[in-house]
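Enquirer: heads up, no residue letters with this:
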């Protein structure tokens, strides 16, 4: 792209033109000069990069060897832990009736597939734990006895600590259960009190309704009496 742009601008063809590179080389020589330190630095960098590359290749090869050894070890352990017996097939000439019977069996097996548990072989996926019995001479030594006593003490301490923690948990659970029972009792008492107050409120509301109705009737009666009184007074005045 750059060559094409320069060709379009300057009209030069770099493939056909001869260029003098001596000024560029002179500039480079003037910049570097006869400085041996600069050359040594470049050589050291190259050696450092080569060493890194070699170390990386060695590390990768070691990792691959370890992985391959682990895979072969696991395969050997699996074959030792669960031996798989392979039975050779017996060649038998199939007649036409056998072929028809096999076809019917295949269709029926596709409809109702069943697995034979007897033919299944269990292959463990976890490595078996390696356990080596200690010789009697080592068991009778003082160092072995001290190790066993320390181990037993540690086991006892851990078990006693677990028991104490379990007791504390049981005590906390019992106290919380008592608190829950007390709260349930107070809640039931409050609910009963609320029900009683609700009944009283209903009774007072009914009484208020009755009193309001009575008051209305009394007001009507008073109004009627007032009207009668006015009528009587008017009749008396007319008579006079």
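Expert: Now that the structure is in, tell me what you want to look at. Given the structure is predicted, the values throughout are model-derived calculations rather than measurements. Numbers count the residues shown, from 1 in each chain.
Enquirer: and the host helix or strand of residue 224, what's its mean pLDDT?
Expert: Assigning secondary structure by DSSP states H and E places residue 224 in helix 142-239. For helix 142-239, mean pLDDT rounds to 91.
Enquirer: ok, residue 20 - contacts?
Expert: By C-beta atoms under 8 Å, 6 or more residues apart in numbering, no residues touch residue 20. C-beta: built from backbone N, CA, C; applies to glycine.
Enquirer: how far away is it from residue 26?
Expert: Distance, residue 20 to residue 26, using C-beta to C-beta, to the nearest Å: 11 Å.
Enquirer: then residue 45?
Expert: 25 Å.
Enquirer: what's the answer for residue 140, then?
Expert: Counting by C-beta to C-beta, the gap from residue 140 to residue 26 is 89 Å.
Enquirer: same check on residue 144?
Expert: 83 Å.
Enquirer: next: residue 64.
Expert: Taking C-beta to C-beta, one finds residue 64 at 51 Å from residue 26.
Enquirer: more crowded one of residue 144 and residue 26?
Expert: residue 144 (14 against 10; other C-beta atoms under 10 Å).
Enquirer: tell me how many other residues crowd the residue nearest to that one when sequence neighbours are not counted.
Expert: Nearest residue to residue 144, sequence neighbours excluded (C-beta to C-beta, 6 or more residues apart in numbering): residue 138, at 5.5 Å. Neighbour count for residue 138, taken as other C-beta under 10 Å: 10.
Enquirer: quick one: which helix or strand includes residue 138?
Expert: helix 136-139.
Enquirer: so for that helix, mean pLDDT?
Expert: For helix 136-139, the per-residue pLDDT averages 79.
Enquirer: so which bits of it are buried?
Expert: For helix 136-139, the neighbour count (16 or more other C-beta atoms under 10 Å) marks no residue as buried.
Enquirer: what residues does that helix touch?
Expert: Counting by C-beta under 8 Å, 6+ apart, residue 144 sit against helix 136-139.
Enquirer: let's see 10 Å
Expert: 133, 144-145, 148 (C-beta atoms under 10 Å, 6 or more residues apart in numbering).
Enquirer: tell me how far the residue nearest to residue 144 lies from residue 182.
Expert: Taken as C-beta to C-beta, the span from residue 138 to residue 182 is 62 Å.
Enquirer: and what of residue 208?
Expert: 39 Å.
Enquirer: same question for residue 159.
Expert: Applying C-beta to C-beta to residue 159 and residue 182 gives a distance of 35 Å.
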